[in-house]
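Student: Mind folding the following:
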Amino acid sequence: MLHPSYTDLMKAVNGDVEGDTPVVNSRYSIVLATAKRARQIIGGEMPLVNGDGRKPLSIAVDELNSGQIKIMPEEESQEAQD
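Tutor: Below is the predicted model:
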């Protein structure tokens with residue numbers, strides 16, 4: 001079982017959101033965000049939390065849960081890429 005749960009992760013991500021629209025509406029968004037961050041860690045980026053030999057996906061979940069990484073809404077993500 002994944003600790004923290006998906007609902008706990010969604011609450012952590014949406015906790016700092018201004019306005020009524022949450023950033024994350026589904027488990028799929030959580031999975032995409034953590035998988036992307038895990039690939040970055042595999043690619044050589046330093047973890048933002050203590051890794052202690054854990055797998056990259058576990059580290060990415062901990063980073064998301066602790067607020068070290070943020071999920072941006074698609075509109076802001078597109079603007080940042082342009």
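Student: Figure out the helix or strand that the residue most central in space within the chain lives in.
Tutor: Central residue of the chain (Cα atoms, centre = their mean): L64, 3.9 Å from the mean position. Here L64 sits within helix 56-66, counting by DSSP states H and E.
Student: Mind listing what's buried along that helix?
Tutor: 56-65 (16 or more other Cβ atoms under 10 Å). Heads up, the C-betas are built off the backbone N, CA and C, glycines and all.
Student: Check which helices and strands it sits against.
Tutor: On a contact count with 3 or more Cβ pairs under 8 Å, 6 or more residues apart in numbering; DSSP states H and E, helix 56-66 meets helix 6-14, helix 27-42.
Student: now the ones you listed as CSV including distance to K70 and mean neighbour count?
Tutor: Below are the helices and strands packed on helix 56-66 laid out as CSV (distance: least, Cβ to Cβ, whole Å; neighbours: other Cβ atoms under 10 Å):
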stretch, distance to K70, mean neighbour count
helix 6-14, 8, 16
helix 27-42, 9, 16
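Student: Would you mind measuring from G67 to G53?
Tutor: 23 Å (Cβ to Cβ, to the nearest Å).
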